[in-house]
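Asks: Need coordinates for the following:
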Amino acid sequence: VQLQASGGGLVQAGGSLRLSCAASGRTSTIYGTGWFRQAPGKEREFVSAINWSGGRTYYADSVKGRFTISRDNAKNTVYLQMNSLQPDDTAVYYCAGFLGGSYSYTQSYSFWGQGTQVTVSS
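Replies: Sure thing, here's the model as predicted:
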């Protein structure tokens, strides 16, 4: 499975971005998709996740009410709509395939994409 994240960029505080995570290959081997982010000097942290059917979604407390995860299985793509962005949201955002366990643990994921930079200016 290959996952490729895109859609990052530079935005002012209060603005919005939509990230995309396109999957290819044997996508049947993963049970969901998650988004994580990593800011300079910090550990990678969970942002959001969605199961394969799209019926269950998960969010970190820091993004609840601002970010929305969704998926289009016809396009093998997961989206992360990010609204009301703040400078603290600045990070490289990664998507990965969920293999089982807890959705918020990096150890539950494999097939990490290359990441896309999100920069929010104040």
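
Asks: now the strands for this structure?
Replies: Ranges of strands within the chain are 2-6, 9-12, 17-24, 32-38, 45-51, 57-59, 67-72, 77-82, 91-98, 109-110, 116-121, based on DSSP state E.

Asks: Now the second one - C-alpha only, PDB.
Replies: Written as PDB, here are the backbone C-alpha positions of strand 9-12 (Å, rounded to 0.1, in the frame of the first residue of the first chain):
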ATOM      1  CA  GLY A   9       0.600  25.200   2.200                       C
ATOM      2  CA  LEU A  10       0.900  28.500   3.900                       C
ATOM      3  CA  VAL A  11      -2.300  30.100   5.400                       C
ATOM      4  CA  GLN A  12      -3.100  32.900   7.800                       C
END
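
Asks: What residues of it count as buried?
Replies: residue 11 (16 or more other Cβ atoms under 10 Å). Just so you know, the C-beta spots here come from the backbone N, C-alpha and C atoms, and that holds for glycine as well.

Asks: likewise the third one?
Replies: Within strand 17-24, the residues scored as buried using 16+ other Cβ under 10 Å are 17, 19, 20, 21, 23.

Asks: What of the first one?
Replies: Taking 16+ other Cβ under 10 Å as the basis for neighbour counts, the residues of strand 2-6 that come out buried are 3, 5, 6.

Asks: just curious, which of the residues you listed is nearest to residue 73?
Replies: residue 3 (14.3 Å; Cβ to Cβ).

Asks: residues in contact with the closest one?
Replies: Residue 3 is in contact with 21, 22, 23, 33, 95, 96, 97, 111, 112, 113, counting by Cβ atoms under 8 Å, 6 or more residues apart in numbering.

Asks: Now the first one. Nearest residue, chain neighbours left out?
Replies: Read it as residue 21. Among residues not flanking residue 21 along the chain, residue 95 sits closest, at 3.4 Å (Cβ to Cβ, 6 or more residues apart in numbering).

Asks: Repeat that for residue 112.
Replies: Distances taken as Cβ to Cβ, 6+ apart put residue 96 closest to residue 112, at 4.6 Å, once the chain neighbours are dropped.

Asks: Then residue 24?
Replies: Excluding its sequence neighbours, the residue lying closest to residue 24 (Cβ to Cβ, 6+ apart) is residue 2, at 4.9 Å.
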